[in-house]
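Engineer: structure for this input, please:
(one chain, ligands or ions: 2)
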Amino acid sequence: MNMNVEFIKGIIGTDPIITDTKPQIVFIGRSNVGKSSVINTLVGEKIARSSSTPGKTREINFFLVKKKKYLVDLPGYGYAKVSEKHREKLKKHILWYMFESGAPIHRIILIVDTRVGITAFDEEILRALFDHEIPVTLVANKIDKLTQKEMHLARTRFEKQGLKKEDIIWMSAKTGKGKGDLRLFLEMEFGKEKKLS
Ligand SMILES: Nc1nc2c(ncn2[C@@H]2O[C@H](COP(=O)(O)OP(=O)(O)OP(=O)(O)O)[C@@H](O)[C@H]2O)c(=O)[nH]1
Ligand SMILES: [Mg+2]
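Structural biologist: Numbering: from 1, shown residues only. Ligands and ions are numbered 1, 2, ... in the order given. Model prediction:
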């Protein structure tokens, strides 16, 4: 079933939507890990643009769910093919949006490619979120690419990095596996009495 979701706008830089009072649930992660794909799978339609070419999402995109909360799709960081200067600028912009813009961020969903795991900048973000007391959930995406053995290794690695079992949602935006877990989780976030669709 599709969610009641509409694309509101994509922004670069500051914009009044950032400080709209509706809470924001933010999807963040390295370029190409599948942030836009996870949003599409979650809402049941191709609302966010995804692509096999890294660096697809260039703006901060706001999707309004049930006219109540925003799902926010961020540009990915760490894309190797752009200049160092551009990467730094993007990183600063993402950090500004999360910690200084005044955005009412309700939760951060950090998406990683399960095979790659948590990168240095992911870690930096995790630490900063912890310091700012912003709740974070890890979506371990692209699990369709892993064997059972690799899944086991990934689980062990996340645990060693201090993540708790209940903070991880295992998912494949491609096959839809784990979609129900993420939806259920977000429904709880949205308030138990309010279903997303
Ligand atoms: N096999 C597999 N491929 C996936 C999965 N999720 C996303 N992809 C593919 O990964 C590529 C990148 O997906 P996007 O959703 O555009 O990734 P993104 O994180 O939004 O990328 P940027 O916007 O560039 O930061 C696309 O080719 C997707 O089809 C998954 O679960 N499994
Ligand atoms: Mg994207």
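Engineer: how about the host helix or strand of Leu138 and ligand 2, touching?
Structural biologist: Leu138 belongs to strand 136-141 when elements are defined using DSSP states H and E. No: contact between strand 136-141 and ligand 2 is absent, the nearest approach being 11.9 Å (criterion: Cβ under 5 Å from the ion). C-beta here means a position set from N, CA and C on the backbone, and glycine is covered the same way.
Engineer: ok, longest strand in this protein?
Structural biologist: For the chain, the strand with the greatest residue count under DSSP state E is strand 105-113.
Engineer: within the sheet, what are the partner strands of it, with directions?
Structural biologist: Strand 105-113 sits in its sheet next to strand 24-29 (parallel), strand 136-141 (parallel), going by DSSP bridges.
Engineer: quick one, what contacts the residue in the chain positioned nearest to ligand 1?
Structural biologist: As assessed by Cβ to the nearest ligand atom, ligand 1 sits closest to Gly76 within the chain, at 2.2 Å. Counting by Cβ atoms under 8 Å, 6 or more residues apart in numbering, Gly76 touches Gly29, Arg30, Ser31, Asn32, Val33, Lys35, Pro54, Gly55, Lys56, Thr57.
Engineer: what do you get for Leu74?
Structural biologist: Val26, Phe27, Ile28, Gly29, Lys35, Thr57, Ile60, Asn61, Ile94, Tyr97.
Engineer: in which helix or strand does the residue lying farthest from the centre of the chain reside?
Structural biologist: Each residue of the chain has a distance to the centre, and by Cα atoms, centre = their mean the biggest one is for Lys149: 25.6 Å. Using DSSP H and E, Lys149 falls within helix 148-160.
Engineer: next, the angle from that helix to strand 105-113.
Structural biologist: 140 degrees (axes from the mean of the first three to the mean of the last three Cα atoms, to 10 degrees).
Engineer: CA atoms only: put helix 148-160 into PDB for me.
Structural biologist: What follows is helix 148-160, C-alpha atoms only, in PDB (Å, rounded to 0.1, in the frame of the first residue of the first chain):
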ATOM      1  CA  GLN A 148      24.800 -15.500   5.000                       C
ATOM      2  CA  LYS A 149      28.500 -15.500   6.100                       C
ATOM      3  CA  GLU A 150      29.000 -11.900   5.100                       C
ATOM      4  CA  MET A 151      25.800 -10.900   6.900                       C
ATOM      5  CA  HIS A 152      27.200 -12.600  10.000                       C
ATOM      6  CA  LEU A 153      30.500 -10.700   9.600                       C
ATOM      7  CA  ALA A 154      28.700  -7.400   9.100                       C
ATOM      8  CA  ARG A 155      26.600  -8.000  12.300                       C
ATOM      9  CA  THR A 156      29.700  -8.700  14.300                       C
ATOM     10  CA  ARG A 157      31.400  -5.600  12.900                       C
ATOM     11  CA  PHE A 158      28.500  -3.300  13.700                       C
ATOM     12  CA  GLU A 159      28.400  -4.700  17.300                       C
ATOM     13  CA  LYS A 160      32.100  -4.000  17.700                       C
END
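Engineer: appreciated, that's everything.
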